[in-house]
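# sequence first, predicted coordinates after that:
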Amino acid sequence: MAEKTRNDRMIVGAASAGTVFEWYDFYLYGSLTAFISLHFFSGVNETTGFILALMAFAAGFAVRPFGALVFGRLGDLWGRKNTFLVTMLLMGLSTFAVGLLPDYSQIGVAAPIILVFLRLLQGLALGGEYGGAATYVAEHAPDGKRGLYTSWIQTTATLGLFLSLVVIILVRTQVGEEAFKAWGWRIPFLVSAVLLVLSMWIRLKLNESPVFQKMVDEGTTSKKPLAEAFADRANLKLVVLALVGLTAGQAVVWYTGQFYSLFFLEKTLKVDGLTTNALVATALLIGTPFFIVFGWLSDKIGRKPIILAGCLLAVLTYFPIFKALTVAANPALAAASASAPVTVIADPAECAFQFDPIGRSAFASSCDIAKSALASAGVSYRNEAAPAGTLARVRIGQAEIAGIDGRALSRKDLADARAAWSKTLGAALSEAGYPAKADPARINKPLVVGLLTLLVLYVTMVYGPIAAALVEMFPARIRYTSMSLPYHIGNGWFGGFLPATAFAMVAASGDIYRGLWYPIVVAGVTLIVGGWLVREMRGAPMD
């Protein structure tokens, strides 16, 4: 019995350790988006550059379902172990290459193109990794402990993010902010080579899943896993229900709690990067054990009730949590927004959505100049229509500043005029109490950590039981393929595109909380569909 326990621990530990390193590789990009934007998307305006950097981040998620199809099929044909060895190697090498990639100033537009290609390779690899690790552990787990065993796999995404933040903090403190901004950001990517070697060594020690080995011995493995998984109407229905009724809501709660909160603190609330990383890492450290708690609890009361309860809490509390986060992290900004709200009064026809992937649009109308300056300052504003042809104005409390129209100016003159007007706007905002950056001395760090930890607890509720829930929904011969696709469409598309979509919604509306509607609506749909149509499968046989 003791030997069986030790063997189970080795299986769970080895599968989980390898997945931690793979998530570390994947999330480095998300943690360093601001630096990626600076080095690889510097040929466009600041708002466009940040959205492009987030879209490159999302590109890795966009291809995850395709990775799920490719490697899921191989996992049902070749075996669980062999497949996730391949995904590990592909992920590690593409991450290491990002650390060596010349930036835009050195090779021009080739830099972001190669970067996106490497992100696509990472996404393909991760598309095959998770299903393999979750299936492998679940097929080793004893009856009645499947939620507990697979919950260790669920900790890996958060631990990978935590590890990436810790490495970033250590490098930033050792080399200094200026050096980190210039070249030090590459070091965490290069460190992945060490983790790759270690994780490959660990996984080479594993044996094949007993369920898969039994199917091989009996000759019952699937010959056409894709056809069996998606051409069969009954199984396809399960795939759709798994996506809409479980993983879509789980994904948006996960990425809101662990990524959008990080972007919100640093980009919107203007908390310095080192402090933001430390606050998020602390919340992750506190919250991570609850993946195990909710995985264990799902063995007792079921997977569905816990996942849907997490979605419900997110729907009901996201707005008050993020508003409280503003007050705690940047009280001066919250006070100024309340006492001197900002309004952009402009002709709607002159207000563009400021996203220009090729960097040719100047965005020189008075409305565009005003909104761009406010977005860069992290100031929330509302829009008010003005008569056609009217020069835009910015109202700050009771004071008003007339905009400037730069459409007749040369590029140089426009840049000079924009800078001068932004300086005028900055002085007016400062006089009204708007801070240029969050004051570290005024950050209520215990409250910020508490709010971030609450968001992480929602993550643990929806994510802790999800692997067991998905594994139990599908038959063994096509399990790797069937569970991987809904998981990676949910997390790759609904979740992965959340930061870019939410930030674009904020940029378009001027409301710093507008982006929260995206996760709230998706989680609400999952709550309804999952509660109505998804069947509880706790304890379903693995073979």
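Ah, there it is.
# okay, CA-based contacts and neighbour counts for the rest of this
Will do.
# am I right that Ile401 is in a helix?
No. Read with DSSP: H, G, I helix; E, B strand; the rest coil, Ile401 is strand and lies in no helix.
# what's near enough to touch it?
If you count contacts by C-alpha atoms under 8 Å, 6 or more residues apart in numbering, Ile401 has them with Arg393, Val394, Arg395, Leu425.
# tell me which of those residues fall in strands.
Residues from the contacts of Ile401 lying in strands, with DSSP state E as the criterion: Arg393, Val394, Arg395.
# what's around the first one, how many residues?
Okay, so that is Arg393. Per other C-alpha atoms under 10 Å, the neighbour tally for Arg393 reads 21.
# heads up, I number from 73, so please use that
Done: numbering now begins at 73, and the last item shifts to Arg465.
# my guess is it contacts Asp419, does it?
No. In terms of C-alpha atoms under 8 Å, Arg465 does not count as a neighbour of Asp419; the distance is 9.9 Å.
# overlap in contacts, the two.
Cys439.
# can I get the contacts of Ile473 in JSON lines with pLDDT and distance to Ile225?
As requested, those are arranged in JSON lines below (pLDDT from 0 to 100; distance: C-alpha to C-alpha, whole Å):
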{"residue": "Arg465", "pLDDT": "94", "distance to Ile225": "53"}
{"residue": "Val466", "pLDDT": "94", "distance to Ile225": "50"}
{"residue": "Arg467", "pLDDT": "95", "distance to Ile225": "51"}
{"residue": "Leu497", "pLDDT": "92", "distance to Ile225": "49"}
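# distance check, Ser88 against Tyr99.
Distance from Ser88 to Tyr99, counting by C-alpha to C-alpha, to the nearest Å: 16 Å.
# more neighbours: which of these two?
Per other C-alpha under 10 Å, whichever of Ser88 and Tyr99 has more neighbours is Ser88, with 27 against 22.
# now the end-to-end length of stretch 473-490.
One end of stretch 473-490 to the other measures 14 Å (C-alpha to C-alpha).
# name the nearest residue to Thr553, ignoring sequence neighbours.
Here the nearest residue to Thr553 in space, its sequence neighbours aside, is Gly144; by C-alpha to C-alpha, 6 or more residues apart in numbering that works out to 4.0 Å.
# part of a helix, is that neighbour?
Yes. When three-state DSSP is applied, Gly144 is found to be in a helix.
# just give me the closest of the ones in strands among the contacts of Ile473 to Gly475.
Using C-alpha to C-alpha, the shortest approach to Gly475 within these belongs to Arg465, at 5.2 Å.
# so who does the closest one touch?
Listed by C-alpha under 8 Å, 6+ apart, the contact set of Arg465 reads Val416, Ile417, Ala418, Cys439, Ala442, Glu472, Ile473, Ala474, Gly475.
# and those, which two are the farthest apart?
The largest distance within the contacts of Arg465, taken as C-alpha to C-alpha, falls between Cys439 and Glu472 and amounts to 14.0 Å.
# quick one: which of these two has more around it?
Summary of the neighbour comparison: Cys439 and Glu472, criterion other C-alpha under 10 Å, with Cys439 having more neighbours (26 against 16).
# tell me the pLDDT of that one.
Reading off the per-residue confidence, Cys439 sits at a pLDDT of 90.
# that one: what's it in contact with?
Residues in contact with Cys439 (C-alpha under 8 Å, 6+ apart) are Val416, Ala418, Asp419, Glu422, Cys423, Leu463, Ala464, Arg465, Gly475.
# which one of those is nearest Lys277?
Top of the list for closeness to Lys277, among the contacts of Cys439 and by C-alpha to C-alpha, is Cys423 at 59.6 Å.
# hang on, the closest one packs against Asp440?
Yes. Using C-alpha under 8 Å, Cys423 is in contact with Asp440, at 5.6 Å.
# and those two? which has more neighbours close in?
The neighbour comparison of Cys423 against Asp440 (other C-alpha under 10 Å) goes to Asp440, with 23 against 19.
# isn't the more buried one right up against Asp419?
No. No contact is recorded between Asp440 and Asp419 when judged using C-alpha under 8 Å, the distance being 10.6 Å.
# pull the contacting residues for Gln545.
Gln isn't right for residue 545; it's Met. Leu310, Met555, Met609, Ala612.
# highest neighbour count among the residues you listed?
Per-residue neighbour counts (other C-alpha under 10 Å) across these peak at Met555, which has 30 neighbours.
# tell me the contacts of that residue?
Remark: with contacts taken as C-alpha under 8 Å, 6+ apart, Met555 is in contact with Gly203, Val311, Leu542, Val543, Met545, Phe546.
# let's go with 10 Å and repeat that
Met555 makes contact with 140, 144, 202-204, 206-207, 301, 310-311, 314-315, 539, 541-547 under the criterion C-alpha atoms under 10 Å, 6 or more residues apart in numbering.
# ditto for Tyr332
If you count contacts by C-alpha under 10 Å, 6+ apart, Tyr332 has them with Gly102, Val324, Val325, Trp326, Glu338, Leu570, Pro571, Ala572, Ala574, Phe575, Gly587, Leu588.
# show me which of those are buried.
Neighbour counting by 16 or more other C-alpha atoms under 10 Å classes Gly102, Val324, Val325, Trp326, Glu338, Leu570, Pro571, Ala572, Ala574, Phe575, Gly587, Leu588 among these as buried.
# now, the residues you listed that are in strands?
Taking DSSP E, every one of the buried ones among the contacts of Tyr332 sits outside strands.
# save these as CSV, and put in distance to Glu456 and pLDDT too.
Formatted as CSV, the buried ones among the contacts of Tyr332 follow (distance: C-alpha to C-alpha, whole Å; pLDDT from 0 to 100):
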residue, distance to Glu456, pLDDT
Gly102, 35, 71
Val324, 31, 96
Val325, 33, 96
Trp326, 35, 92
Glu338, 28, 88
Leu570, 27, 86
Pro571, 27, 78
Ala572, 25, 75
Ala574, 22, 85
Phe575, 21, 79
Gly587, 20, 92
Leu588, 22, 96
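# now the residues you listed in a markdown table, with distance to Ala492?
Supplementary listing: those in a markdown table, determined by distance: C-alpha to C-alpha, whole Å:
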| residue | distance to Ala492 |
| --- | --- |
| Gly102 | 33 |
| Val324 | 40 |
| Val325 | 41 |
| Trp326 | 41 |
| Glu338 | 25 |
| Leu570 | 34 |
| Pro571 | 31 |
| Ala572 | 30 |
| Ala574 | 30 |
| Phe575 | 26 |
| Gly587 | 30 |
| Leu588 | 33 |
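# now, which of those sits nearest Leu267?
Once C-alpha to C-alpha is applied, the member of the buried ones among the contacts of Tyr332 that ends up nearest Leu267 is Gly102, at 18.4 Å.
# could you tell me the phi and psi values at the nearest residue in space to the closest one that is not next to it in sequence?
Across the structure, with C-alpha to C-alpha, 6+ apart as the measure, the residue nearest Gly102 apart from its sequence neighbours is Phe129 (6.4 Å). In this entry, Phe129 is assigned phi and psi values of phi -60, psi -40 (degrees, to the nearest 10).
# surely Phe129 and Thr105 touch.
Yes. Checked against C-alpha atoms under 10 Å, the pair Phe129 and Thr105 is within contact range at 7.8 Å.
# neighbour count: these two, which is higher?
The residue with the greater number of neighbours, taking Phe129 and Thr105 and applying other C-alpha under 10 Å, is Phe129; the counts read 27 against 20.
# for that one, give me the pLDDT.
In the prediction, the pLDDT value recorded for Phe129 is 71.
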